[in-house]
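Asks: sequence plus predicted model, see below.
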Amino acid sequence: MRRKTVGILGGMGPEATADLFTKIIKSTPAGSDQEHLRILVDCFPQVPDRTTAIQGGCESPVPILQAAARRLESWGAELIAIPCNTAHYYHGEISGAVNVPVLHIMRETAAAIRRGHRGATRAGVLASTGTLATGLYSRALGDEGLVEVVPPEDIQEQVMRAIYGVKAGGRQQARALLLDAAAALVGLGAEVVIAGCTEVPIALGPDDLEVPLVDATMALARAAVRLAYGEEEGGP
């Protein structure tokens, strides 16, 4: 069977890029080296901060993201995955710059909840302030009949400290902050909690919460594997 080449548009941050790479490998039904997917990685950490850009505090990352997508396509990528939730604010501009599919992490995550947690109606979101401001999760969840639950402002500040803490290597302190934030979401009625920033699942695991933790990075990885194998996006 011919399998498509996967391109990872990464660097936001580097560890999140490596996490997606690992999760694609773990999601691939391979019995030998030769049965794994070809994966091309462009890890470019100098992309301007996405949350800051959305808030108008720095230059737009769009030109760099578009150039990276074109570069991956020129190298042979036949589909592209972006391990940064906030960068999906620019999904249309990135996908419009190439002729290959660019997966959408919010849509894949919402579809994964609907498949795996059919009784859930309220999904808490641990994500960057930039991601929440875009409404991307709210819309994707709404399309699947789910209601988004977000942290109060003071708790969201903790989430941001945790995200930047992971980027700086402070995983344990980040974990404590994220546990508090997740508990707040559950207290607000969340029946599942989305690790909606690619730094979050680096610090927080599926056994850490009293409700299911849905790893957006894993949802993206599984979607990339499905598409690489020629299956439809959003399939089982």
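Replies: Cool, the structure landed. Quick caveat, the model's predicted, so the values are computed rather than measured.
Asks: drop to CA atoms for contacts and neighbour counts, all remaining ones
Replies: Fine.
Asks: what's the next secondary structure element after the helix or strand containing Ala112?
Replies: Applying DSSP states H and E as the criterion places Ala112 in helix 105-116. Once helix 105-116 ends, the next helix or strand along the chain (criterion: DSSP H and E) is strand 122-126.
Asks: give me the angle between that next one and helix 105-116.
Replies: Per axes from the mean of the first three to the mean of the last three C-alpha atoms, to 10 degrees, the angle that strand 122-126 makes with helix 105-116 is 140 degrees.
Asks: which strands or helices does strand 122-126 pack on?
Replies: In terms of contacts (3 or more C-alpha pairs under 8 Å, 6 or more residues apart in numbering; DSSP states H and E), strand 122-126 is packed against strand 147-149, helix 171-187, strand 192-195.
Asks: restricting to C-alpha, output the second one in PDB.
Replies: Okay, so that is helix 171-187. C-alpha atoms of helix 171-187 as PDB (Å, rounded to 0.1, in the frame of the first residue of the first chain):
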ATOM      1  CA  ARG A 171       7.000  20.900  33.600                       C
ATOM      2  CA  GLN A 172       6.200  20.100  37.200                       C
ATOM      3  CA  GLN A 173       5.100  23.600  38.100                       C
ATOM      4  CA  ALA A 174       3.100  23.700  34.900                       C
ATOM      5  CA  ARG A 175       1.400  20.500  35.800                       C
ATOM      6  CA  ALA A 176       0.200  21.900  39.200                       C
ATOM      7  CA  LEU A 177      -1.200  25.000  37.500                       C
ATOM      8  CA  LEU A 178      -3.000  22.900  34.900                       C
ATOM      9  CA  LEU A 179      -4.500  20.500  37.500                       C
ATOM     10  CA  ASP A 180      -6.000  23.500  39.300                       C
ATOM     11  CA  ALA A 181      -7.300  24.900  36.000                       C
ATOM     12  CA  ALA A 182      -8.800  21.500  35.000                       C
ATOM     13  CA  ALA A 183     -10.500  21.200  38.400                       C
ATOM     14  CA  ALA A 184     -12.000  24.600  37.800                       C
ATOM     15  CA  LEU A 185     -13.400  23.500  34.500                       C
ATOM     16  CA  VAL A 186     -14.900  20.400  36.000                       C
ATOM     17  CA  GLY A 187     -16.500  22.600  38.700                       C
END
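Asks: between it and strand 122-126, how many degrees?
Replies: 160 degrees.
Asks: quick check: mean pLDDT across helix 171-187?
Replies: What helix 171-187 shows for mean pLDDT is 96.
Asks: which residues sit against it?
Replies: Outside helix 171-187, the residues within contact range by C-alpha atoms under 8 Å, 6 or more residues apart in numbering are 124-126, 149-151, 155-156, 158-159, 161-163, 165-166, 192-193, 200, 202-204, 208-209, 211.
Asks: which of those residues fall in strands?
Replies: In strands, defined here by DSSP state E, the members of the contacts of helix 171-187 are Gly124, Val125, Leu126, Val149, Val192, Val193.
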